[in-house]
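Asker: give me a model of this one.
(chains A and B)
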Amino acid sequence: MDSATSPSIRIDGVVKRFPGVVALAGISAEILPGRLTGLVGPDGAGKTTLMRLMTGLLRPDEGSIDVLGRNTVRNQGEIAHLAGYMPQRFGLYEDLSVMENLQLYADLRALPPAQRRATFGRLLEFTKLGPFTARLAGKLSGGMKQKLGLACALMARPDVLLLDEPGVGVDPVSRQDLWRMVSELTGEGMAVVWSTAYLDEAEQCASVLLLNEGKLEFSGKPAELTHRLQGRSFRVVEPEGDRRRLLAQALDLPSISDGVIQGRSVRLVARAGEPIDAARPLAEAVNARIEPVAPRFEDAFVDLLGGGPGGSSVIADLMEPVDLASDTAVSCSNLTRRFGDFTATDRVTFDVRQGEIFGLLGPNGAGKSTTFKMLCGLLKPSEGSAHVVGLDLARAASAAKNQLGYMAQKFSLYGLLSVRQNLEFSAGVYGLAGAEKKGRIDEMIDAFELGRFLDAAPNDLSLGYKQRLALACSLMHRPPVLFLDEPTSGVDPITRREFWTHINGLVRKGVTVMVTTHFMDEAEYCDRVALMYRAKLIALDTPDALKRQVARHDDHEPTMEDAFIGLIERIDAEEAVR
Amino acid sequence: MSARWIRLRAQIIKELLCLLRDPRSRIVLIGPPIIQLFVFSFAITLEVKNIDVALLNHDVGGASVELVQQIESSDLVRRIRVAGSERELAELIDAQHVLAGIVIPETFSRDVAQGRNATAQIIIDGRKANAGQIALGYLQTIVGHVGATLRPTTMSGGGGDAAAVRHWFNPNLTYRWYVVPSLAGILVTLVALMVTALSIARERELGTFDQLLVSPCTPTEIIVAKGIPAFLVGIVLASVMIGAAVFLFGIPFTGSLGLLFVCLMLFILSLVGIGLMISSICSTQQQAILGTFAVVVPAVIMSGFATPVENMPLALQWIAECIPLKHFLIILQGSFLKALPPADVFANAWPMAVIAVVTLTLATLFVRSKLQ
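Answerer: This is a model prediction of the structure:
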């Protein structure tokens, strides 16, 4: 690092309070030009607040922020010209086309007409949005929206670029594009701030600012933090039998701070100063060996926040074991859906076994949402059929729907109803009444510790509790099959782990789980993964087998993301040959 | 209890809670009725008073003096401006100094005296068509009065051919007697449409509609549950308005209250169907509100509240038949002022039933199509 470089942004003792909360409690940091700085932290850590303070949209209560030598309070007007900002919820006008959005931002930036043609050309080439200039912004996929947002933020060739969670809802292929674009920009000397709750993104940043509850927990290169975990990360390789049980047991050990499923294996992190030995008997019982692995940034992050949740799920313990007549929980054959000329899902066939976590993956627009919607009865297929627990969704819709639980990305809770009223509504629409209804609701309140919030509005709950409530609502009728539509999009690692503890527990009771996700760590939890691309099913196998398919040599250990991108590129290459 | 009823009950409770817990929808429910009740009842008037008229009198006889005096002393006219010539009269109207001009020909008094058909010319400012028409009506009555009071002295005991207009049912033409009952119909239209239009749109905007569709609830159950809050709100609102009409404004209620409420239910059902159809094509609450106004404004204008349906072009009259408010206004006004006989009530009730059946069927088909 060049010590002569002066920082692009200097944050000095910044405090920001909102009624009832301290969003930022004395943050000091420097952001250097020509590099990518990750602003990392769980939901509610203060990332967006800090972003908005840096743009001058908010004023700090104490301390000050200088952007390119200008104070954000005194010289806010100048900063607006020098810094590009891309807010979380795309600052785009959805009813305007791509080109109209660019023109609008050019007008807002007072870009001289003579420069426009060249600037638009440069931005469209950079973002590869050239072929879509006439399309309405609202009709773009998540990834394309983010690219357009980025193009608009780059309109004035800023020296500082602030990106608020650009990776949310973006598939790995588009995410790779975004990274490529951002690294080109930092190469030109721009200071880029990228806020995220995804730790694999943080790991790719040149330096990170790690926020938690308004405090700066770490500042520096991600490797420095990861290094602290040296010798504490292990993998239990391919245990026999139930790896979810092994994970649950391991997480309940006091010496284990964190653990996740990785394909057939289980990844564990030991607490500081604790040997892994306590887990050895567990591994030996399932004939698995424990091998040390390189720590990841996520391990360090979770450790810094005091470790993940335990391995037991009260709700899963309450569920009676599911025992279906047939071994197949969900099945579809030749499932096809056309919208006019466009085929969104093209002859997809697969069976999901009982007690399996089945992942449906694919880039934005590949047809996985359409397929998912047909499987849970939200959409009728043009051809083919879908069955849940042996019931045809076309013929016995109401009976089939009684057998499935559904939890959506945005946790579709009724914001106008209190927590208790939400629970009562879910129980009611699934036909529960009287003592049974009361019993189930009380169970949910106990299992998810919702007692304190019964009269609160769901929107006032923290993300973690919102997720608990949504899960409680979808489990109220004890469904043998659970559909999860991007359940942890934008959710921090701790909340995500807690969620998967419940899901793992339910699966061990025989519940079948169908999940769509953009989050590759989540795909690792699946027993089998179906990868969709251009409306077709292009791969269906265990996560480990998919990774092996793209391995270049025996020692190469590709990640799930590598497998995802590799398999899709393979299809593209085959098409090119034809 | 059957599962179907349990599901339905849970949904109805949810709909009512959503409606009553949302401060914005509470305002929609309470604000407009109160404001409109007072605006329509006290501020807006269909009466014409205190106008200026121009007078060009070519006659010097007793009858013309009598006429001028009568016009001068009426509530209608504030001031008479005397014009010296046809041109001067035309200028007064052109400059909008007066609403109407009266030209009394030189033969007027003679004609009256001789029992011939005496005529005076009235020129109305066509730019103020509505007020002009009403003023014309008043002036005609006054002119008629002059003929009527003079005629007996000239005619031998004939009597009775004087054009004495008597307004039945509302003898003093108290406009409030007409406006307040109609307002009940208009407000129920607005609120019932708004409540139903917002209900599906709100769920779609917030993503809860999918959650509802993956539940075992059938499309029919969803439609029924969406309709009931609007139904209850409509009944309560109409009852309050009818109560206000009777007790606050002292408007006589002469028809059958039971029959009126049966019709009210049909009326609200047809509105719920229309509201659900608006809701079905809107994906945000904002669109639903705009959609509601796009329907309510023409519906009120064409309902016969402001202008008689019979005066509209034939094509528009047919469209008016499809507006529930048109039929309900006839029943409502009839029930208040002229003890509308059951046969006439029925004649206006069945079109609302047809509208309700058609729109509710379409709405159910729509929800079902969302599942396709």
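Asker: make it CA atoms for all contacts and neighbour counts henceforth
Answerer: Will do.
Asker: quick check: residues of the stretch 401-550 of chain A near chain B?
Answerer: Residues of the stretch 401-550 of chain A lying close to chain B by Cα under 8 Å from any Cα of the partner chain are A:401-402, A:406-408, A:410, A:412-414, A:416-417, A:421, A:424-425, A:428-433.
Asker: correction: chain A
Answerer: Residues of chain A lying close to chain B by Cα under 8 Å from any Cα are A:376-381, A:397-402, A:406-408, A:410, A:412-414, A:416-417, A:421, A:424-425, A:428-433.
Asker: which of those residues count as buried?
Answerer: A:376-381, A:397-402, A:406-408, A:410, A:412-414, A:416-417, A:421, A:424-425, A:428-433 (16 or more other Cα atoms under 10 Å in any protein chain shown).
Asker: quick one, strands of chain B?
Answerer: Ranges of strands within chain B are B:51-57, B:77-82, B:100-104, B:121-124, based on DSSP state E.
Asker: in helices, which of the buried ones among the residues of chain A next to chain B appear?
Answerer: Per DSSP state H, helices hold the following members of those: A:Ala397, A:Ser398, A:Ala399, A:Ala400, A:Lys401, A:Gln421, A:Glu424, A:Phe425, A:Gly428, A:Val429.
Asker: whichever residue of the stretch 101-250 of chain A sits closest to chain B: how many residues sit nearby?
Answerer: Here the stretch 101-250 of chain A gets closest to chain B at one residue, A:Gly138, 13.0 Å apart by Cα to the nearest Cα. A:Gly138 is flanked by 15 other residues according to other Cα atoms under 10 Å in any protein chain shown.
Asker: kindly report the same for B:Gly31.
Answerer: Using other Cα under 10 Å, B:Gly31 is surrounded by 11 other residues.
Asker: ok, now B:Gln140?
Answerer: Using other Cα under 10 Å, B:Gln140 is surrounded by 15 other residues.
Asker: which residues are in contact with it?
Answerer: Residues near B:Gln140 by Cα atoms under 8 Å, 6 or more residues apart in numbering or on different chains: none.
Asker: what's the separation between it and chain A?
Answerer: Noted for B:Gln140: a distance of 58 Å to chain A, by Cα to the nearest Cα, to the nearest Å.
Asker: pLDDT score for that residue?
Answerer: What the model reports as pLDDT for B:Gln140 is 75.
Asker: can you map out the helices along chain B?
Answerer: Here chain B has its helices, by DSSP H, at B:3-21, B:23-38, B:62-73, B:86-94, B:108-113, B:129-154, B:175-206, B:208-214, B:219-243, B:257-281, B:285-301, B:314-321, B:324-337, B:342-370.
Asker: can you list those helices in CSV and add distance to A:Leu50?
Answerer: Below are these laid out as CSV (distance: least, Cα to Cα, whole Å):
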stretch, distance to A:Leu50
helix B:3-21, 34
helix B:23-38, 32
helix B:62-73, 77
helix B:86-94, 68
helix B:108-113, 90
helix B:129-154, 63
helix B:175-206, 28
helix B:208-214, 32
helix B:219-243, 43
helix B:257-281, 40
helix B:285-301, 32
helix B:314-321, 58
helix B:324-337, 55
helix B:342-370, 42
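Asker: ok, of these, where does mean pLDDT dip lowest?
Answerer: Looking at the helices of chain B, the bottom one is helix B:129-154 with a mean of 63.
Asker: show me the shaky parts of chain A.
Answerer: Along chain A, segments meeting pLDDT under 70 span A:1-4, A:89-90, A:490.
Asker: farthest from the middle of it: give me that residue.
Answerer: The C-alpha centroid of chain A is most remote from A:Ala114, which lies 41.7 Å away (Cα atoms, centre = their mean).
Asker: where does that one fall, secondary structure wise?
Answerer: A:Ala114 is part of helix A:113-127 when elements are defined by DSSP states H and E.
Asker: by how many degrees do the next helix-or-strand element following that helix and helix A:113-127 diverge?
Answerer: Using DSSP H and E, the helix or strand that follows helix A:113-127 in sequence is helix A:142-153. Helix A:142-153 runs at 150 degrees relative to helix A:113-127, counting by axes from the mean of the first three to the mean of the last three Cα atoms, to 10 degrees.
Asker: for helix A:142-153, name the packing helices and strands.
Answerer: With contacts taken as 3 or more Cα pairs under 8 Å, 6 or more residues apart in numbering or on different chains; DSSP states H and E, helix A:142-153 sits against strand A:83-86, helix A:98-108, helix A:113-127, helix A:172-187.
Asker: could you list the domains of chain B?
Answerer: According to automatic domain parsing, chain B comprises the domains B:8-44+B:175-371, B:51-150.
Asker: hey, which of these is tucked in deepest?
Answerer: Using mean count of other Cα atoms under 10 Å in any protein chain shown, the stretch among the domains of chain B with the greatest mean number of neighbours is domain B:8-44+B:175-371 (a mean of 19).
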